[in-house]
Every structure is written in structure tokens, then in C-alpha cells.
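J.: quick one, fold the following:
(chains A and B)
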Amino acid sequence: MSYTQTDHVFGGLGETGVATFFKALFDARPRYLNYATPGLAPADSVNVTQIPAGPFGLQYSIAFSLPGIDIFPPDTGDPVPPATDQITISTQAKISIGSGSSAVSAVLDIYVVCSPYLLATTSASRTIGLRVVSVTVLNVQPSALAAVLGALLQAFVEQALANTAIPLGALMFPPITLVLKDGPTAEADRLDVRGDLQ
Amino acid sequence: MSDLIVALDSTSATQLVNAAEAALGTLASSGSGHLGPFGVNWSVAANFSGGSAGLTPPKTISLNTIQFNYQIKLSFELDLNDFLPHGCLPQVCVTIPFIGQVCTPKICVEWPTVTIPLSYSDALKFSADFNLNPHLQGNQWLVDLVIVKVPDLQLSLKAAAIVTALGAVIGAAISVVPLIGPFIGVVVAAVIATIGLAGALGLLGDIITPFISGRTFTLVKQTQTLQLLPAASALEPAVNLTIAALASQIAQSDKPELVVSANFSV
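T.: Numbers count the residues shown, from 1 in each chain, chains lettered A, B, ... in the order given. Sure thing, here's the model as predicted:
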């Protein structure tokens, strides 16, 4: 099957391309991966996004590691495989409560299943967003606790993904400009878009 | 698998080629040469347009009926003495009784040298195979199309048209010469015969062929550093990727496609 299928122009960002995009993004803007309350991070930190303190002045932080990417069809051994038109993002979340010598922390393996969608509709700024379908926390028992942690982390994951929109223009080489007709879709280990040449 | 793949079928590849032709803009050149026995100075402005792209694995794009539009300006000096009788009638003296010697004046006929200007526009259609050539030039990745060989440009009809146009401009240019009226047709015919189709063909080939030989069209022009996101604030600097490698090929499945692929580094 051709890349363009019934359309005339195709752009596909592979798993390694998405992973490299995330690395470039989070290297440049690490604050998208790291969140901490005012007692743990200043408001103007380049590395950490400041979030409000918890109830009773609770100070805590959540830091995600650089994510791994698995686009449908699933890679062998992926514990949370992506279904059709889905992407699984794997990362570790380090949750810390308190500060200094009294701080406690835990590192959780989490798997976020997402589906791609067109985030911005104006042609000049079209971007591909990732909508969270589920957040799974592995190796935590009982399962009810894992579910609670998953729900807690989902809010942070959605915030992180809100900042990780992939510009559609980055999937083309100038002067090739896409008039989007189909996609984005997660298929063949890529994020694919198709359409006509502008 | 490549980090990024961009593919175009023959429809969009044709659009891309046509855009590359437009981006190339107007080309200009000038020089001197020979139009038959005449030395000429010439200048030319030219551009490419149209044509359709046929895709052939592994790296050939055939451009069919691409149009080469050109405007040639040339001029040469025409010494009319080379084509008309000239010289002097000798003085003749006779001795007449009771009058003495009577002489006719010496009569000389010298024709001027006339500058013949020609401005001629035409278009030439041709088809040729081009090969893909992806390469890094400075800080830019380029995917160029490079012509494989100069096709038969079939210039004979174009040369014949130039000869016809020359006949008209020669007639007009020499018509201002005093006393030449009865000889215009003779001069035009003689000059055209001297130049001949071969003379026009030779000059036209010398002028046009360099525009076609080695012709390159740039299909893709991508800076090596790809800015994904501009800087939004002091806390959110620009996000860049580096294109470490870029390749291009013609791939064939249910339809042929121009495929450009890249691998990134941070």
C-alpha cells in the first residue's frame, strides 16, 4: 500500500521521531515534566512548573521521566499495548511529599494510552494533540490504590500532554505544505497525516 | 524506520516541480557568438514552466513537456558593401573641338554599415529525465533534481523562425539607407542565404543548451535545524531538532511515490 493511498501528500512521524520530538521538547522545557508546590519550587523556575500547595499546606512534587513511545501496532512485550489508532506512552512518575530529610517519595511505572487528534483547526497553526484514554499504574497493590494513583496522575499527564502538541508543519519539508484531509492516525508505528499539496 | 517520512504521488510531485520552476525564477545570460559569418552580441532571459512528473524507481523523475521560455536579444553589424555593388566610376575625359577637354566627375558609391537588432521571444518544449540528489549544503538540506542528459531539443523549427524574423528586421533596418530602395529585397535575400538555417541553428544551440545542460531544480529546501516551537517566554525557550540525515527515493507500491525521509538528533 502506498503512503499517500487515495490522497496526494503524506507525512508520517515514526515512533523514534515522536520520542526525539519529546526529548527535544522536554530538554528545552523540563518544566513540562516536573511539578512542585511553592515550598519546593520557585514560581520562575525553568525546570519546574509551580503548582498550588495541597490542603493544610501540603508540599509535594511529581516528576516524570522522559517518555517511551509505542504506536499501534504494539511492540512485543508492551504491558499496556495500544489498540488501533492509539499510542502508549510509558514513563516513570516520582511522587515526593514533604521536603528535606522528612521527605518521602515513590517511583511509579505508568502507561498512558492516548489517541491522536487535530488540536488546532486554523491551517497556520495546526497541531496534533494526544488525548488521554487511560492511565495505568503498574506494580502497585491493591489494584484500588493503583486506580486511585492513576486518577491522580492523569491530571498531571493531561497537563503535560497539553504542552506537547506536535506542529503539523514539522511533518513536512518546505516548500511542501499539507492541506489536511485525513488524520492524524496512529498506524504502522507512525503518526500519519494525508491530504493535498497546498 | 525513519523518524519522519514525507511522500508525494505523481500529482503532487508535479505541483512540487512546477513550484521549483517558479522558484528558480528568470535566468539571464549574455555573450558573443556567430550567426553564420557575422559576429553577434546576445543576451537572453529565460524561465521554465509547466510539465508533468513521471516517477520511476529508484531515483528518476521524468519531466514531460516542460516549457523553456526565452527572449533573445542580439545585434550584429551588416556592411552593405558586402552585398551590393560599390566603388567608383572612373573619371572620363574627352577633348571636344573648340571647347577643350571635358571630364565627367568621379562618381563613388559606398554603402554604410548598419546595425541589425533582433529581439525574439519563443518557447521550447522538451522532456528529460532527472535524478534525485539529496545533499547538505551549508546548513540546509536540499533535494535537487539534476538532469541526466540534454535531450534532443529539436531547435530546427525555432531556428527557422529566427531566420524569418531576421529577414523582417534586416529589411526595416536598411530601409533608411538612401538609394537602397530597389536593393532591399536583394540584400535581405543575400544576408539570409549567407546566414542560413545552419547559422541560426548553431547560435540558438549555443545560447539555449547551457540553460538545459546540468539543469537543477530544488524540490526541498530545509534548514538543518528544524524549529518545532518558537520561544514563548523566558521559561519556554524555542524547541529545535537537528536533521542528522535526509534521503530521497522513488518508491513503487500500488502507485509510484517520491519519498523523502529524515532522521533527527537533538
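
J.: how about the residues of chain A by chain B?
T.: A:1-4, A:8-17, A:20-21, A:23-25, A:27-29, A:31, A:44-46, A:166-167, A:170-176, A:189-190, A:196-197 (C-beta under 8 Å from any C-beta of the partner chain). Heads up, the C-betas are built off the backbone N, CA and C, glycines and all.

J.: which residues touch the nearest residue to B:D3 once chain neighbours are set aside?
T.: Once flanking residues are discounted, B:D3 sits nearest to A:G17: 3.3 Å by C-beta to C-beta, 6 or more residues apart in numbering or on different chains. By C-beta atoms under 8 Å, 6 or more residues apart in numbering or on different chains, the contact set of A:G17 is A:190, B:2-4, B:264.

J.: okay, and which of those residues map to helices?
T.: Members of the contacts of A:G17 lying in helices (criterion: DSSP state H): none.

J.: skip the chain neighbours and tell me the closest residue to A:V48.
T.: A:A41 (3.9 Å).

J.: that neighbour is in what secondary structure piece?
T.: For A:A41, there is no host helix or strand (DSSP states H and E).

J.: just the helices in the stretch 1-150 of chain B please.
T.: Secondary structure of the stretch 1-150 of chain B by DSSP state H, counting those that start in this stretch: the helices cover B:10-24.

J.: list the residue ranges of the chain that fall below the pLDDT cut-off.
T.: Here I'm looking at chain A. Applying pLDDT under 70 to chain A flags residues A:121-125.

J.: next one: the stretch 1-150 of chain B
T.: Those would be none, if you go by pLDDT under 70 across the stretch 1-150 of chain B.

J.: what does it have sitting close to chain A?
T.: B:1-9, B:11-12, B:15-16, B:19, B:23, B:141, B:143.

J.: change it to 6 Å
T.: Contact residues (C-beta under 6 Å from any C-beta of the partner chain) of the stretch 1-150 of chain B with chain A: B:1, B:3-9, B:11-12, B:15, B:19.

J.: may I ask which two of these are separated the most?
T.: Using C-beta to C-beta, the two most remote members of the residues of the stretch 1-150 of chain B next to chain A are B:M1 and B:A19, lying 28.4 Å apart.

J.: who has more neighbours, these two?
T.: More neighbours surround B:A19 than the other of B:M1 and B:A19, with 18 against 13 (other C-beta atoms under 10 Å in any protein chain shown).

J.: quick check: closest non-adjacent residue to that one.
T.: Nearest residue to B:A19 in three dimensions, chain neighbours excluded: A:P175, at 5.9 Å (C-beta to C-beta, 6+ apart).

J.: right, and the helix or strand after the helix or strand containing B:I184?
T.: Secondary structure from DSSP H and E places B:I184 in helix B:184-212. Sequence-wise, the next helix or strand downstream of helix B:184-212 (DSSP H and E) is strand B:216-223.

J.: so which residue is smack in the middle of chain B?
T.: Here the mean C-alpha position of chain B is nearest to the C-alpha of B:I208 (C-alpha atoms, centre = their mean), at a distance of 3.9 Å.
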